[in-house]
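> predicted coordinates and the sequence they were generated for:
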Amino acid sequence: MVNASEKIQVKELSVTYDSVPALRSVSFSVLEHEILGIIGPANSGKTTFLRTLNRLSDLNPKLKSSGEVLIDEKDIYKKWNVFQLRKKVGMVFALPSPLPISIFENLAYGPRRDGVRNKTRLSETVERSLKAAFLWDEVKDRLNESAMKLSGGQQQRLCIARTLALEPEVILFDEPCSGLDPISTAMIEDAMRELKKRYTLILVTNNTKQAARVSDRVAFFLMGELVEIDQAQKIFTVPKDKRTEGYVSGRYG
Amino acid sequence: MIRLFKDPKFQEKVVFLFLFLATLIIIVPVVLVIALIVARGSSVLSWEFLTAMPRMGMRAGGIFPAIVGTSYLVAGTLIFALPIGIFSAIYLSEYSRRNALTRLIELAIVNLAGVPSVVYGLFGLGLFVLFLKFGASILAGSLTLGVMVLPVIVTASREALQSVPKTFREVSYSLGATRWQTIRHAVLPHALPGILTGAVLSLSRAAGETAPILFTVAAFYLPRLPKSVFDQAMALPYHLYVLSTQVPNVKLELQYGTALVLVGLVVIANLVAAVIRGYFRVKKQW
Ligand SMILES: Nc1ncnc2c1ncn2[C@@H]1O[C@H](COP(=O)(O)OP(=O)(O)OP(=O)(O)O)[C@@H](O)[C@H]1O
Ligand SMILES: [Mg+2]
C-alpha cells in the first residue's frame, strides 16, 4: 500500500563519488505540498541528495548511485525521461545563478527549450512566474535589461521564477539564502510559504533557524546518513537522537 | 653598498625598473617596424595604388589583384577552417570524455601548431594541387591555409568554451534542456568573443604567410582578377617577396607600400574584433 500523498519515495539510496560514500542507504518519503527542511553539517550529503532527485548528478561521471527514488510512484532512472523529470523537479542553486541574458529571456529559457514559440504565451508565462516569485512589481518595466543588473536577492527570486515557468511539481532549494541579507531572506521565505500551496518543496539549509521557521518536517543528515526525520517542532524541541539534539543545539559545525 | 641592495625599498625600485624596461623592449620593435613601414610606404599610397592593376612588370601601377587575392584566400580559409575548428572544439570540450583518443587528438593539435609553414606548403602541393588535381588555385591555397590555422581556431575556441562557467550548463540542464540545447543556448553565445579572437588570429596568419601559398596558389605576376576558385591569384605577402627579391629596379616605396597595406588589413581586422569583443563584454558579464 502506497500512501497517495507521498510525492517522493526514497528507498535505500546510496551514492558514492569514486567509491567514497556520500549517502548511505537513505530511506524516507516527501509528502505532497509540504516544505521538507534538510539540515546537517558540511559534507553530510545534502547537496548530493538534491542533485540525485533531478538527476543533475548524471553529469558527474565519478558518481554512482544505488537504491530507488520514486517520484509520483515512478522510478526516476527507469520510468522517467530525464528531461521531463528536470522540468517536473525544479532547482534553485545556492548562489544566485541568472544567465547573463535579459530578465525575460532567463524566464523564457525553459519554456523555449520545451518548444514554446508563441510570443504571447511566453509573455504570459513570464508574468505569471514573476508574480508567483514576488518579483513582478520590481522588474515589470525592465524585462529586457540584463538579469545581472538585479540585486542578489532579486536574482535569487528570478531563479525561483525561472523554475516556476516550467510549471514544476517539486522545487529543490539548495541553501538559497546563504549569500543574502535578512530582508531578501525573509522575502524568499515568504515566497516559499506561498509556493507550498501548489508545489512540494525541499529546502536544504545550513541555518537551523530558517529550517525551524519555514519547514513542516525536517530531516537531519550526518555524514551521509539520515539520522532523523520528523515534524519540525519535534526535531527542534524533543529530537529522538542524541546527534540531532547536539546539532540543533549548536554543538556541531 | 651591500646594505643598499638589502634595503627592501631599493629592491622594490630595482625590480620595478627591471620589469618596466623589459616591457619597454617589447614595444620598441613594434613601434619601429610600423614607423618604418609608414614612413617609407605612405608616399605611394593612393587610390590608384589600391585599385589599379600593376604595370611595367610590377614597377608601376597598383596592387589591386594582390589585395583581392589575399581577401579571397582569407575568406576561403575561414570558410573551411572555422566550422571544422569550432565543431571539433565543441566535441573536445563538451562531448568527449578524457581517454586515449582525446589525448591523441590533443597531441595532434599541439604538433600541428608547431609545424613550420613551409611544410604546410609542401603538404598542400602534394595533397590539394597534385593528388586532388585542384592545380595551383585559390581552392588549394585556402585549403592549405585552412589546415595551417586549424590548431589556432580549435585551441582558442576550446578555451573559450571551457571558460564559460559550469553553472550556466547546470542551470540549463536543470531547466530540462538537452545537451545540444545547452551548448547552443547556454554555452556557445557566451564563448563567441573568445572564438572570434581565434578567428581573427588565424585570419592574420592566413593573410600574412608566404610559404604555404608559394606552391599552392600564388601567381608571380597576374595583372587580372581571378575568375573562379580554380584560378591562380596574386597575394600580398608573396607580391612583397617578389618585389623585394625577384624584380630588379623596383622603387623601394612600392615594397613598403605593399607591406603597409598588408599590415593595415590585419590591424583593421584586429580592431573590428576588439570592438565586437568590447561590445559583448559590456552587454554580457559574469
Ligand atoms: N563533485 C564531487 N566530487 C567528489 N566528491 C564530492 C563531490 N561533491 C560532493 N562530494 C563529496 O560528497 C560528500 C557530500 O557532499 P555534499 O556536497 O553533498 O554535502 P553538503 O551536505 O551539501 O555540504 P555543504 O553543507 O557544505 O553544502 C562530501 O564528502 C563531498 O566531499
Ligand atoms: Mg551543499
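Looks like it arrived, so ask away. Ligands and ions are numbered 1, 2, ... in the order given.
> now do the end-to-end distance for stretch A:203-211.
One end of stretch A:203-211 sits 8 Å from the other (Cα to Cα, to the nearest Å).
> close to chain B, is it?
No - using Cβ under 8 Å from any Cβ of the partner chain, stretch A:203-211 never reaches chain B; the gap is at least 14.6 Å. For glycine as for every other residue, the C-beta is placed from the backbone atoms N, C-alpha and C.
> how many other residues sit next to residue 119?
You didn't pick a chain, so chain A it is. If you count neighbours by other Cβ atoms under 10 Å in any protein chain shown, A:Lys119 ends up with 9.
> the chain in question should be chain B.
Counted with other Cβ under 10 Å, B:Val119 comes out at 12.
> do the same with A:Leu222
21.
> hmm, it is touching A:Ile39, no?
No - with contact defined as Cβ atoms under 8 Å, A:Leu222 does not reach A:Ile39; the gap is 9.7 Å.
> overlap of the contact sets of these two?
A:Tyr247 (Cβ atoms under 8 Å, 6 or more residues apart in numbering or on different chains).
> list the contacts of residue 177.
With no chain named, the answer covers chain A. Neighbours of A:Cys177 in contact, by Cβ under 8 Å, 6+ apart: A:156, A:184-185, A:188-189, A:205, A:207, A:210.
> should've been chain B
For B:Ala177, the contact set (Cβ under 8 Å, 6+ apart) comprises A:83, A:109-110, A:113, B:185-186.
> just the ones in helices from the residues you listed, please.
Per DSSP state H, helices hold the following members of the contacts of B:Ala177: A:83, A:109-110, A:113.
> closest one to B:Ser228 out of those residues, please.
A:Arg113 (43.5 Å; Cβ to Cβ).
> that closest one: neighbour count?
21.
> skipping its backbone neighbours, what lies nearest it in space?
B:Ala177 (4.4 Å; Cβ to Cβ, 6 or more residues apart in numbering or on different chains).
> would you tell me what the next helix or strand after the helix or strand harbouring B:Val74 is?
For B:Val74, the element it lies in under DSSP states H and E is helix B:64-90. Later in the chain than helix B:64-90, the nearest helix or strand by DSSP H and E is helix B:100-114.
> could you give the mean pLDDT of that following helix?
For helix B:100-114, the mean per-residue pLDDT is 89.
> which helices and strands sit right next to that helix?
If contacts are counted by 3 or more Cβ pairs under 8 Å, 6 or more residues apart in numbering or on different chains; DSSP states H and E, helix B:100-114 sits against helix B:138-162.
> tell me, how many residues neighbour B:Gly61?
16.
> beta partners of the closest residue to it other than its chain neighbours?
Nearest residue to B:Gly61, sequence neighbours excluded (Cβ to Cβ, 6+ apart): B:Arg55, at 3.5 Å. Beta-bridge partners recorded for B:Arg55 (DSSP bridges): B:Ala60.
> mind pulling the model confidence for B:Arg55?
82.
> give me the most central residue, chain A.
A:Leu172 (1.1 Å; Cα atoms, centre = their mean).
> so what's that residue up against?
Taking Cβ under 8 Å, 6+ apart, one finds A:50, A:53-54, A:89-92, A:201-202, A:204 in contact with A:Leu172.
> spell out which parts of the stretch 1-150 of chain A neighbour chain B.
Within the stretch 1-150 of chain A, the residues that sit near chain B (Cβ under 8 Å from any Cβ) are A:54, A:56, A:59, A:61, A:83-84, A:86-87, A:90-91, A:93, A:95, A:97, A:99-101, A:109-110, A:112-114, A:146, A:148.
> if we use 7 Å, what do you get?
With Cβ under 7 Å from any Cβ of the partner chain as the criterion, the stretch 1-150 of chain A meets chain B at residues A:54, A:56, A:59, A:61, A:83, A:86-87, A:91, A:93, A:97, A:99-100, A:109-110, A:113-114, A:148.
> that older thread, can you tell me the helix or strand for the residue nearest to the centre of chain A?
strand A:170-174.
> give the pairing partners of that strand; include direction for each.
strand A:89-92 (parallel), strand A:200-204 (parallel).
> please identify the deepest-packed of those.
strand A:89-92 (a mean of 27; mean count of other Cβ atoms under 10 Å in any protein chain shown).
> could I get that strand in CSV with only the CA atoms?
Extracted in CSV, the C-alpha atoms of strand A:89-92 (Å, rounded to 0.1, in the frame of the first residue of the first chain):
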residue,chain,number,x,y,z
VAL,A,89,11.6,18.9,-10.4
GLY,A,90,12.9,22.4,-10.4
MET,A,91,16.1,23.5,-8.7
VAL,A,92,17.3,26.8,-7.2
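> now it: mean pLDDT?
In the prediction, strand A:89-92 has an average pLDDT of 96.
> can you give the contact residues for it?
Residues from elsewhere that reach strand A:89-92 (Cβ atoms under 7 Å, 6 or more residues apart in numbering or on different chains): A:50, A:53-54, A:56, A:71, A:159-160, A:163, A:166, A:168, A:170-174, A:176, B:174.
> any residue of that strand touching ligand 1?
No - Strand A:89-92 lies apart from ligand 1 when judged by Cβ under 6 Å from any ligand atom; the minimum separation is 13.3 Å.
> would you map the strands across chain A?
A:6-17, A:20-31, A:35-39, A:63-71, A:74-75, A:89-92, A:170-174, A:200-204, A:217-222, A:225-231 (DSSP state E).
> revised request: answer the last question for the stretch 101-250 of chain B.
Taking DSSP state E, counting those that start in this stretch as the criterion, the stretch 101-250 of chain B carries no strands.
> near ligand 1, which residues of it are found?
By Cβ under 6 Å from any ligand atom, no part of the stretch 101-250 of chain B sits against ligand 1.
> residue in the stretch 101-250 of chain B nearest to ligand 1?
B:Lys166 (10.6 Å; Cβ to the nearest ligand atom).
> how much space between that residue and B:Ser172?
11 Å (Cβ to Cβ, to the nearest Å).
> next, see if the strand holding A:Leu172 gets close to ligand 1.
No - on the criterion Cβ under 6 Å from any ligand atom, strand A:170-174 is out of touch with ligand 1, staying 7.3 Å away.
> what inclination does that strand have with respect to strand A:20-31?
140 degrees (axes from the mean of the first three to the mean of the last three Cα atoms, to 10 degrees).
> so where's the chain uncertain?
By default, I'm working from chain A. When residues are selected by pLDDT under 70, those of chain A lie in A:1-4, A:251-253.
> not what I meant, chain B
In chain B, residues with pLDDT under 70: B:1, B:281-286.
> residues in contact with A:Gln155?
Here A:Gln155 is in contact with A:96, A:98, A:147 (criterion: Cβ under 7 Å, 6+ apart).
> among the residues you listed, name the buried ones.
By neighbour count, with 16 or more other Cβ atoms under 10 Å in any protein chain shown, the contacts of A:Gln155 hold A:96, A:98, A:147 as buried.
> rewinding a little: JSON lines please, covering the ones in helices among the contacts of B:Ala177 and showing distance to A:Ser25.
Formatted as JSON lines, the ones in helices among the contacts of B:Ala177 follow (distance: Cβ to Cβ, whole Å):
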{"residue": "A:Phe83", "distance to A:Ser25": "29"}
{"residue": "A:Tyr109", "distance to A:Ser25": "36"}
{"residue": "A:Gly110", "distance to A:Ser25": "34"}
{"residue": "A:Arg113", "distance to A:Ser25": "35"}
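> can you pick the most crowded of these?
Within the ones in helices among the contacts of B:Ala177, most neighbours by other Cβ under 10 Å means A:Gly110, with 27 neighbours.
> and it, how far is that from A:Leu135?
On the measure of Cβ to Cβ, A:Gly110 and A:Leu135 end up 16 Å apart.
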